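A.B. asks: Predicted structure and sequence below. I'll ask about it afterward.
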Amino acid sequence: MIRVGVNGYGTIGKRVADAVEAQPDMEIIGVAKTQPNFEAHTAVKRGYPMYAAIPERAPLFAEAGIEVAGEVDELVAEADIIVDCTPSGIGEQNRELYETHHTPAIFQGGESADVADVSFNARSNFDAARDADYVRVVSCNTTGLSRVIAPLEEEYGVEKVRATLVRRGGDPGQNSRGPINDILPNPIKVPSHHGPDVKTIFPDLEIDTLGLKVPATLMHVHALNVTLGDDVTGAHVRQLLEDEDRIYVIPEGLGIDGAGKLKDLALDAGRPRGDLWENCVWGESIGVNGRDLYLFQAIHQESDVIPENVDAIRAMFDLEDKETSMQRTDRQLGVGISGDPSGFSEQARAEFADDD
Ligand SMILES: NC(=O)C1=CN([C@@H]2O[C@H](COP(=O)(O)OP(=O)(O)OC[C@H]3O[C@@H](n4cnc5c(N)ncnc54)[C@H](OP(=O)(O)O)[C@@H]3O)[C@@H](O)[C@H]2O)C=CC1
Ligand SMILES: O=C(OP(=O)(O)O)[C@H](O)COP(=O)(O)O
């Protein structure tokens, strides 16, 4: 049983903790926070021992009725591995703490690539993280791009990827972020940083990316153009993507015309927090012109990286091969199975058909 600590219990950290706890071969031994806010109370309810990320603030937890198991130092010393889910830039500062205790760590995509020995996406480079001490799970956008590129690269070869990323302005709770009423090229400089980030996973890939930010919190939407190595048909590409467990090809006829309805679908299906761990590719958008493939996909920024963190732990401890790990993670979380959007879709499709 791998003993896991989560440092930084926010949007990503709380999801990582629940996902780890759902696995049979790993457990959460504690989470670290800086303040006893509502998420601290949730952590306690879920039975996660609470550690003070900033020792001087430990008394605040006691005042709020939360028992503190210790300081973050102790959590790091006790854990077999730390999943660092602190805000961008803090993870890098924490690396010294992990090194001091010889505790391996996983960082998140907000950190620069050089924070770790390996940048990771389970589908694309699982084995690169084998026995590594420091691994970075790439960002939500890079994860979403990598999951599509990997099968395309294997099946047809990829000559060039061009992607426009319409990014949500902030997560639902991030009420100080924006834009509120604007459409921002972001970063204005073209190409954006996302292409180089994808190249941490596929070093030889030709890729250019452009980014925008819009007044939305639900999901990112990517418009992709991939020049493939071979002439293909849309049907062949569609089947290829449908065969990927972490890609949900949205069937036609469901009336899912945007991120809002995708989130409704996840909530209706009983997904925890309305999470969509899979890339959501609109089946109708898959279009082919010779070797040029086009598609739209939506990426749930808060949750697509969660199964990747679980697989990174298995890879680092050499517990399973890639397929076994990914299948086990997916089964325990319900990716594509329980609360299965495609299963739900079958039912919804039948209802739509009845209406026609
Ligand atoms: N949100 C997203 O869409 C995605 C984020 N990522 C990456 O994941 C990482 C975490 O992001 P996210 O979860 O969104 O961030 P959040 O701000 O939601 O969560 C981070 C949490 O860390 C806690 N924290 C702050 N400072 C410290 C500290 N010094 N030590 C321990 N905990 C601290 C804060 O909680 P408190 O102060 O209450 O303890 C905060 O809630 C970043 O690298 C980000 O780029 C990757 C993919 C998607
Ligand atoms: O890493 C992310 O996005 P990015 O790949 O667009 O930088 C996550 O969605 C977090 O982004 P944020 O820094 O806008 O919160």
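C.D. replies: Okay, I see it. Everything numeric in this text was worked out from a predicted model, so none of it was measured. Numbering: from 1, shown residues only. Ligands and ions are numbered 1, 2, ... in the order given.
A.B. asks: ok, the closest residue in space to residue 321 that isn't next to it in sequence - contacts?
C.D. replies: Closest residue to residue 321 apart from its sequence neighbours, by C-beta to C-beta, 6 or more residues apart in numbering: residue 126 at 8.0 Å. The way it works is simple: take the backbone N, C-alpha and C, and place the C-beta from them, glycine included. Residue 126 is in contact with 120, 311, 315, 321-322, 325-326, counting by C-beta atoms under 8 Å, 6 or more residues apart in numbering.
A.B. asks: next structured bit after the helix or strand containing residue 16?
C.D. replies: Here residue 16 sits within helix 11-21, counting by DSSP states H and E. Counting by DSSP H and E, the next helix or strand C-terminal to helix 11-21 is strand 26-33.
A.B. asks: sec struct for residue 177, please.
C.D. replies: coil (DSSP: H, G, I helix; E, B strand; the rest coil).
A.B. asks: which residue sits closest to the residue in the stretch 51-200 of the chain positioned nearest to ligand 2, ignoring its sequence neighbours?
C.D. replies: Closest residue of the stretch 51-200 of the chain to ligand 2, C-beta to the nearest ligand atom: residue 139 (3.1 Å). Closest residue to residue 139 in three dimensions, ignoring its sequence neighbours and counting by C-beta to C-beta, 6+ apart: residue 109, at 2.8 Å.
A.B. asks: so what's that neighbour up against?
C.D. replies: Applying C-beta under 8 Å, 6+ apart to residue 109 gives the contacts 136-140, 142-143, 197, 305.
A.B. asks: ok, now how distant is the residue in the stretch 1-150 of the chain positioned nearest to ligand 1 from residue 25?
C.D. replies: Per C-beta to the nearest ligand atom, residue 10 is where the stretch 1-150 of the chain lies closest to ligand 1, at 1.8 Å. Separation of residue 10 from residue 25 (C-beta to C-beta, to the nearest Å) stands at 25 Å.
A.B. asks: Please apply the same query to residue 286.
C.D. replies: From residue 286 to residue 25 the distance is 36 Å (C-beta to C-beta).
A.B. asks: which of the two has more neighbours?
C.D. replies: Neighbour totals were compared for residue 286 and residue 25, and residue 286 leads with 22 against 16 (other C-beta atoms under 10 Å).
A.B. asks: show me what contacts the more buried one?
C.D. replies: 234, 237-238, 241, 249, 293-295.
A.B. asks: Let me have those residues in a markdown table, extended by distance to residue 80 and neighbour count.
C.D. replies: Putting the contacts of residue 286 into a markdown table (distance: C-beta to C-beta, whole Å; neighbours: other C-beta atoms under 10 Å) gives the following:
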| residue | distance to residue 80 | neighbour count |
| --- | --- | --- |
| 234 | 46 | 17 |
| 237 | 41 | 25 |
| 238 | 41 | 17 |
| 241 | 36 | 21 |
| 249 | 37 | 26 |
| 293 | 42 | 22 |
| 294 | 44 | 16 |
| 295 | 40 | 24 |
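A.B. asks: In helices only, show me the residues you listed.
C.D. replies: Using DSSP state H, the subset of those located in helices is 234, 237-238, 241.
A.B. asks: quick one, what contacts the residue most central in space within the chain?
C.D. replies: Centroid-nearest residue in the chain: residue 305, 1.5 Å away (criterion: C-alpha atoms, centre = their mean). Residues counted as contacts of residue 305 (C-beta under 8 Å, 6+ apart) are 12, 108-109, 137-140, 143.
A.B. asks: Spatially, which two of those residues are the most separated?
C.D. replies: 12 and 138 (12.5 Å; C-beta to C-beta).
A.B. asks: Which elements pack onto the longest strand seen in the chain?
C.D. replies: In the chain, with assignment by DSSP state E, the single longest strand is strand 158-168. In terms of contacts (3 or more C-beta pairs under 8 Å, 6 or more residues apart in numbering; DSSP states H and E), strand 158-168 is packed against helix 140-156, helix 194-199, strand 207-214, strand 220-228.
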